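One predicted model, sequence on top.
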Amino acid sequence: MPDTPRIEELRRRVESDPASFAFAVLAEEYRKAGRIDDAIATCRAGLDRHPSYHSARATLGRALAERGDFEAAREAFEAVLRAAPGHLADQRGLVEVNRRGGDARRARQVAALERLLASVERRRTAGPVAAGD
């Protein structure tokens, strides 16, 4: 199957500038196109240069989960959550990986954490409570 124009454009950008952050978008496009091995390879190559790029690590986790490599996916999501604990998409990804990977206990623990963090976020964005409320 030929590449989409978007994938071709992104691949050219990454090839012309290997330090470009465009690798993460390219990897996500590969993942969406079902090219899971390309997504994983692209993420890993880019993360070698930019190890703290959380969105790319999240894409790596999703791609690994889609390939069925739940342990590696779990490691990718946990790495993001260690660096950015409030990253809700990765918390959901971790719940899904634990559920699909057969670790129901861990899935419940992460889901409980997700609910707690969502509650804290709701309170934070609600603003101050007026006297008498």
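Good, I have the coordinates. Keep in mind that this is a model prediction, so the values were computed, not measured.

rest of the way, CA atoms for contacts and neighbours
Fine.

Next, give phi and psi for the spatially most central residue of the chain.
In the chain, the centroid-proximal residue (CA atoms, centre = their mean) is residue 58; its distance is 1.6 Å. Phi and psi for residue 58, reported as degrees, to the nearest 10, are phi -70, psi -40.

Now do the same for it: its pLDDT.
We note a pLDDT of 90 for residue 58 in this prediction.

What separation is there between it and residue 38?
15 Å (CA to CA, to the nearest Å).

How about residue 14?
In this view, residue 14 and residue 38 are 13 Å apart by CA to CA.

Could you do residue 118 as well?
From residue 118 over to residue 38 (counting by CA to CA), the distance is 33 Å.

and residue 27, how many neighbours does it have?
Other residues lying near residue 27 total 29 when counted by other CA atoms under 10 Å.

Packing partners of the helix or strand containing it?
Applying DSSP states H and E as the criterion places residue 27 in helix 22-32. Applying 3 or more CA pairs under 8 Å, 6 or more residues apart in numbering; DSSP states H and E, we find helix 22-32 packed against helix 5-16, helix 36-49, helix 54-67.

Show me how far the last one is from its chain's centre.
Chain-centre distance of helix 54-67: 5 Å, with CA atoms, centre = their mean, to the nearest Å.

Then the shortest one?
On the basis of CA atoms, centre = their mean, the separation between the geometric centre of helix 5-16 and that of its chain is 21 Å.

Make 17 the starting number, not 1.
Noted, 17 is the first residue going forward, which turns the last one into helix 21-32.

Excluding chain neighbours, what is closest to residue 60?
Nearest residue to residue 60 in three dimensions, chain neighbours excluded: residue 76, at 7.6 Å (CA to CA, 6 or more residues apart in numbering).

actually residue 82, not the one I typed
residue 52 (7.4 Å).

Who are the contact partners of the one you found?
Residue 52 is in contact with 46, 79-80, 82-83, counting by CA atoms under 8 Å, 6 or more residues apart in numbering.

One more: residue 83?
residue 52.

Model confidence for residue 83, exactly?
Note on residue 83: pLDDT of 94.
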